[in-house]
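Chemist: structure of the sequence below:
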Amino acid sequence: MDAAVAKLPLVGISGLNKLYRTQDGAGIQALSNVNLEIAQGEFVTIVGPSGCGKTTLLKILAGLLPRTSGEIMVAGKRLTGPSRELGIVFQTPVLLPWRTVLANVMVPVVVQRLDRNALEARAREILATVGLAGFENKYPAELSGGMQQRVGICRALVHDPAFLLMDEPFGALDAMTRETMNDELLRIWAASGKTVMLVTHSITEAVYLADRVVVMTPRPGRIAEIIDVELPRPRRIEIQNSPQFGRLASRIRAHFGASGQADS
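Modeler: Numbering: from 1, shown residues only. Below is the predicted model of the structure:
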């Protein structure tokens, strides 16, 4: 029985649909029949044109948005709302300016009424892991954009979730900082063993980070293709110059070439 359970996916999405209703009663189909399984410890990226439902999918998985139909299972349980099994990193870090770095990381602990003493030690360990030891008592305004996003990642990890959801976490950063943060994220992922789903507009980022890339169609969002990224790990930025990386990026880009709606 234990072996059978171990083989089950951490996340299972079956027949997921999302229909929005406008004020005049018209329906807008955002997602249509999305089916996806994500294994324990896997890094999956979601890429697609603007308006294809990537962020809607993430919000539904986070329990922040109701689905119209379909089923979602996380760690063997049906998802019915926000879950402690989930951690979320938003497009911007959304830090509270009046709270210190450590206090910002501890927000989920306070909200969920968890053991503050035990998890403050974990918070300090995670901050040290991402290179922010010594910044615990600083305030968000005293940090760079990349450092603020690291705090956001630490906040998502502090309660030890099984599944980490990331919505364009580095989209607002400059190109060089974004590359650095991609490498930092891969290091954190490898060290933590977490399961990650990251939404991005960048094809390059999607390939560089992922075990599998999920390519979505324009609205209504469906899964057009799921591409295995058989590139060796650990990865370094130079791998983006390899022929294999180029072929994978071109395969994804072919889905959007006609519309030109995906970033490179």
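
Chemist: for the lengthiest helix in the chain, buried residues please.
Modeler: Under DSSP state H, the helix in the chain containing the largest number of residues is helix 175-192. For helix 175-192, the neighbour count (16 or more other Cβ atoms under 10 Å) marks 177, 178, 179, 181, 182, 184, 185, 186, 188, 189, 192 as buried. Glycine gets a C-beta too; all of them are placed from N, C-alpha and C.

Chemist: can you redo those as JSON lines, where the extra columns are pLDDT?
Modeler: Shown next, in JSON lines, are the buried residues of helix 175-192 (pLDDT from 0 to 100):
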{"residue": "177", "pLDDT": "84"}
{"residue": "178", "pLDDT": "87"}
{"residue": "179", "pLDDT": "90"}
{"residue": "181", "pLDDT": "88"}
{"residue": "182", "pLDDT": "92"}
{"residue": "184", "pLDDT": "88"}
{"residue": "185", "pLDDT": "91"}
{"residue": "186", "pLDDT": "94"}
{"residue": "188", "pLDDT": "88"}
{"residue": "189", "pLDDT": "92"}
{"residue": "192", "pLDDT": "87"}
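
Chemist: which residues touch residue 143?
Modeler: Applying Cβ atoms under 8 Å, 6 or more residues apart in numbering, we find residue 143 in contact with 101, 135, 151.

Chemist: if we use 10 Å, what do you get?
Modeler: Residue 143 sits next to 93, 95, 101, 132, 135, 149, 150, 151 when contact means Cβ atoms under 10 Å, 6 or more residues apart in numbering.

Chemist: where's the residue nearest to the first one when sequence neighbours are not counted, which helix or strand?
Modeler: The reference is to residue 93. Spatial nearest neighbour of residue 93, excluding adjacent residues (Cβ to Cβ, 6 or more residues apart in numbering): residue 152 at 3.6 Å. Per DSSP states H and E, residue 152 falls inside helix 145-157.

Chemist: ok, now residue 215?
Modeler: Following DSSP H and E, one finds residue 215 within strand 212-216.

Chemist: ok, back up a step: you'd agree the residue nearest to residue 93 is up against residue 96?
Modeler: No - under the criterion of Cβ atoms under 10 Å, residue 152 makes no contact with residue 96, lying 11.5 Å away.

Chemist: what touches both of these two?
Modeler: Joint contacts of residue 152 and residue 96 (Cβ under 10 Å, 6+ apart) are residue 104.

Chemist: which one's more surrounded, those two?
Modeler: More crowded of residue 152 and residue 96, by other Cβ atoms under 10 Å: residue 152, with 21 against 11.

Chemist: low-confidence ranges in the protein?
Modeler: Applying pLDDT under 70 to the chain flags the ranges 1-7, 258-264.

Chemist: helices of that one, residue ranges please.
Modeler: Assigned by DSSP H, the helices in the chain fall at 2-7, 54-61, 101-105, 107-111, 116-129, 145-157, 175-192, 203-209, 243-253.

Chemist: which among the ones you listed is found nearest to residue 42?
Modeler: Ranking the helices of the chain by distance to residue 42, with Cβ to Cβ as the measure, places helix 175-192 first at 9.9 Å.

Chemist: and that closest one, what does it pack onto?
Modeler: Counting contacts by 3 or more Cβ pairs under 10 Å, 6 or more residues apart in numbering; DSSP states H and E, helix 175-192 is packed against strand 43-47, helix 116-129, helix 145-157, strand 163-167, strand 195-200, helix 203-209.

Chemist: give me the angle between the first one and helix 175-192.
Modeler: In this case it means strand 43-47. 140 degrees (axes from the mean of the first three to the mean of the last three Cα atoms, to 10 degrees).

Chemist: using TSV, lay out the helices and strands packed on helix 175-192 together with distance to residue 240.
Modeler: Formatted as TSV, the helices and strands packed on helix 175-192 follow (distance: least, Cβ to Cβ, whole Å):
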stretch	distance to residue 240
strand 43-47	14
helix 116-129	25
helix 145-157	20
strand 163-167	20
strand 195-200	14
helix 203-209	6
